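K.L.:
A structural model of the following input is requested.
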Amino acid sequence: MSLTPRTDRPLLIVGAGPIGLAAAAQAHERGLPVIVVEAGESVGQAVREWGHVRLFSPWSELVDEAAARLLEPTGWTRPDARALPTGAEWVGDYLAPLAEALRSAGVSIRTASRVVGVARQGRDRLVAIDREQVPFAVHVETPTGHEVLTAAAVLDASGTWGRPGPLGTDGYPAAGERELAEQITYGMPDVTDPAVRALLAGRHVAVAGAGASAQNVLVALGELAAAEPGTRITWLLRRGDAAKAFGGGDADELEARGALSEHARAVAESSTVAQVTGFRTVAVRRDEGSGRLVLTALDGREVTDVDHVVAVTGFRPDHSWLSEVQLDLDGELSAPRLLAPEIHPAHHSCGTVSPHGADLLRQPEDGLYLAGMKSYGRAPSFLALTGFEQVRSIVAEVAGDLEAAARVELTLPETGVCGAGPGFDDQAGGCCGGPELVSIGAPVTTARTIPTTG
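P.N.:
Next up is the predicted model:
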């Protein structure tokens with residue numbers, strides 16, 4: 001790196017989630033001036049939005065060690081290493097105290113501030129001369145207006161949460177999908193929320209997706225159907241064999257994830273759920289008589305009388321605000337090109353990711369790094385431990401400690417059965433079924449059925 005962070009040009013971290021705050025803790029420990037910019041109203045905003053979901057990973061894999069070292073003198077008590085927290089507990093018991101400790105230590109964390117552009121100060125992407133000698137200009141929309149911050153380095157840990165994959169099968173919204181968005185939920189609804197329960201109880205709900213998040217939804221809706229007569233579920237799978245959607249069960253080294261797959265299998269095979277395989281949605285329309293939705297597949301088949309659709313179709317990164325800096329991304333995964341072969345679901349399972357850090361995450365734009373879930377692009381099953389190791393290495397490189405930057409260790413759970421590439425119809429799906437923000441497990445409402453050990 002050509003520029004070293006200093007007070008007037010700090011390391012700027014985009015995103016105050018688990019990985020962004022871990023990076024801030026690493027930077028503070030090394031004495032680097034750092035500022036964190038978060039689009040949400042509070043730290044961990046994305047995690048808060050799925051706070052009802054219980055993680056697969058135990059607390060032992062959800063706390064960055066530099067963050068723990070910062071927290072311990074404040075009287076913070078490390079949670080039980082074996083327990084599996086909900087998203088809300090991850091925020092309340094760790095991320096919120098960490099943000100408070102960082103602020104007390106002098107780290108600036110700015111919420112409700114969305115980064116809308118990154119460039120070299122006074123240069124667009126076409127100006128090549130001496131780019132590495134010029135600090136970054138980071139454009140931010142704040143409650144008081146547009147602001148431009150100066151930074152020596154930028155670490156993008158903004159994640160993928162705000163960009164869910166569409167219901168449409170070709171990567172774009174299906175015909176009618178945008179117009180009928182009020183009857184479509186993207187992600188995992190909290191069926192314990194009275195408003196959500198009123199929306200879905202006693203209704204015909206179509207669930208699209210095959211990954212762990214879709215399995216969570218099936219389990220939650222299965223319990224809703226047991227309590228609320230008339231609730232019907234149709235599970236729409238693009239692949240041709242529902243059995244291939246489930247993971248390793250007892251063979252899964254993440255015990256809760258294996259238990260989830262077995263629970264979801266039981267629900268999917270019950271009379272509560274109708275399975276429709278090989279269904280690749282191309283259109284959504286509202287029946288004028290009933291007001292219910294009709295979903296049409298590529299082969300002309302239709303699923304009718306649908307009151308609500310839950311689309312659990314993964315997430316994708318947003319690179320639009322990086323258009324004026326030099327990126328080197330894989331054309332298929334939208335991940336850093338050098339990292340892509342290490343995480344591609346056609347070649348790697350959830351746990352066979354090689355140790356990696358700054359060497360695979362740095363971009364051609366000197367001082368710019370992608371980390372966290374965003375670094376995986378459209379690849380599935382990112383784990384928090386991966387991100388902690390990533391930012392430890394990146395911050396070391398930004399600080400000029402190249403030896404520490406190269407010394408990356410990473411051990412991830414492996415199912416032994418995940419590893420097939422994304423499939424078409426009856427081919428196997430990607431690792432554990434689809435992209436996830438983090439490795440997440442059963443909804444709180446089903447936690448009793450999920451053994452505890454991301």
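
K.L.:
Going by residue numbers, what spans are helices in this structure?
P.N.:
Using DSSP state H, the helices of the chain run over 18-29, 45-49, 65-71, 87-90, 96-104, 194-200, 212-227, 255-268, 340-343, 358-361, 384-398, 402-406.

K.L.:
What's the separation between the residue nearest to Tyr94 when sequence neighbours are not counted and Thr77?
P.N.:
Leaving aside its sequence neighbours, Tyr94 sits nearest to Val63 (CB to CB, 6 or more residues apart in numbering; 6.1 Å). Any C-beta I mention is one placed from the backbone N, CA and C, and that applies to glycine too. According to CB to CB, to the nearest Å, Val63 stands 11 Å off from Thr77.

K.L.:
Glu29 now?
P.N.:
20 Å.

K.L.:
Show me which of the two is the more surrounded one.
P.N.:
Glu29 (17 against 9; other CB atoms under 10 Å).

K.L.:
so the more buried one sits right up against Arg69, yeah?
P.N.:
Yes - at 6.8 Å, Glu29 counts as touching Arg69 under the criterion of CB atoms under 8 Å.

K.L.:
Tell me where the stretch 51-200 of the chain is predicted with low confidence.
P.N.:
For the stretch 51-200 of the chain, no stretch has pLDDT under 70.

K.L.:
which ones are touching Gly176?
P.N.:
By CB atoms under 8 Å, 6 or more residues apart in numbering, the residues touching Gly176 are Ala283, Val284, Arg285, Arg286.

K.L.:
Turn these into TSV, columns for distance to Glu100, neighbour count and pLDDT.
P.N.:
Shown next, in TSV, are the contacts of Gly176 (distance: CB to CB, whole Å; neighbours: other CB atoms under 10 Å; pLDDT from 0 to 100):
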residue	distance to Glu100	neighbour count	pLDDT
Ala283	49	16	98
Val284	44	25	98
Arg285	49	15	98
Arg286	47	15	98
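
K.L.:
what about the residue nearest to Tyr94, neighbour count?
P.N.:
23.

K.L.:
now the one 3 residues further on
P.N.:
Using other CB under 10 Å as the criterion, Ala66 is surrounded by 21 other residues.

K.L.:
Please apply the same query to Gly314.
P.N.:
24.

K.L.:
measure Leu71 to Leu3 for me?
P.N.:
Distance from Leu71 to Leu3, by CB to CB: 30 Å.

K.L.:
of the two, who's got more company?
P.N.:
Leu71 (21 against 18).

K.L.:
In space, what's closest to that one - neighbours in sequence excluded?
P.N.:
Ala101 (5.4 Å).

K.L.:
so who does the one you found touch?
P.N.:
Leu70, Leu71, Thr74, Trp76.

K.L.:
How about Pro85?
P.N.:
Arg54, Leu55, Trp59, Leu62, Pro79, Asp93.

K.L.:
how about 6 Å then?
P.N.:
Residues near Pro85 by CB atoms under 6 Å, 6 or more residues apart in numbering: none.

K.L.:
again with Leu102
P.N.:
Residues counted as contacts of Leu102 (CB under 6 Å, 6+ apart) are Ala24.

K.L.:
Now do it against His28, distance only.
P.N.:
Taking CB to CB, one finds Leu102 at 6 Å from His28.

K.L.:
Any chance of a markdown table for the helices of the chain, columns distance to Leu237?
P.N.:
Formatted as a markdown table, the helices of the chain follow (distance: least, CB to CB, whole Å):
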| stretch | distance to Leu237 |
| --- | --- |
| helix 18-29 | 30 |
| helix 45-49 | 25 |
| helix 65-71 | 39 |
| helix 87-90 | 26 |
| helix 96-104 | 38 |
| helix 194-200 | 20 |
| helix 212-227 | 9 |
| helix 255-268 | 10 |
| helix 340-343 | 24 |
| helix 358-361 | 33 |
| helix 384-398 | 28 |
| helix 402-406 | 42 |
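
K.L.:
Would you mind finding the most buried of the ones you listed?
P.N.:
Greatest average neighbour count among those goes to helix 18-29 (a mean of 28), per mean count of other CB atoms under 10 Å.

K.L.:
State the mean pLDDT of that one.
P.N.:
Averaged across helix 18-29, the pLDDT comes to 98.

K.L.:
Against which helices or strands is it packed?
P.N.:
Packing partners of helix 18-29 (3 or more CB pairs under 6 Å, 6 or more residues apart in numbering; DSSP states H and E): strand 11-14, strand 34-37, helix 65-71, helix 384-398.

K.L.:
ok, for Leu32, nearest residue in space, not its chain neighbours?
P.N.:
Leu32 sits nearest to Pro5 (CB to CB, 6+ apart), 4.9 Å away.
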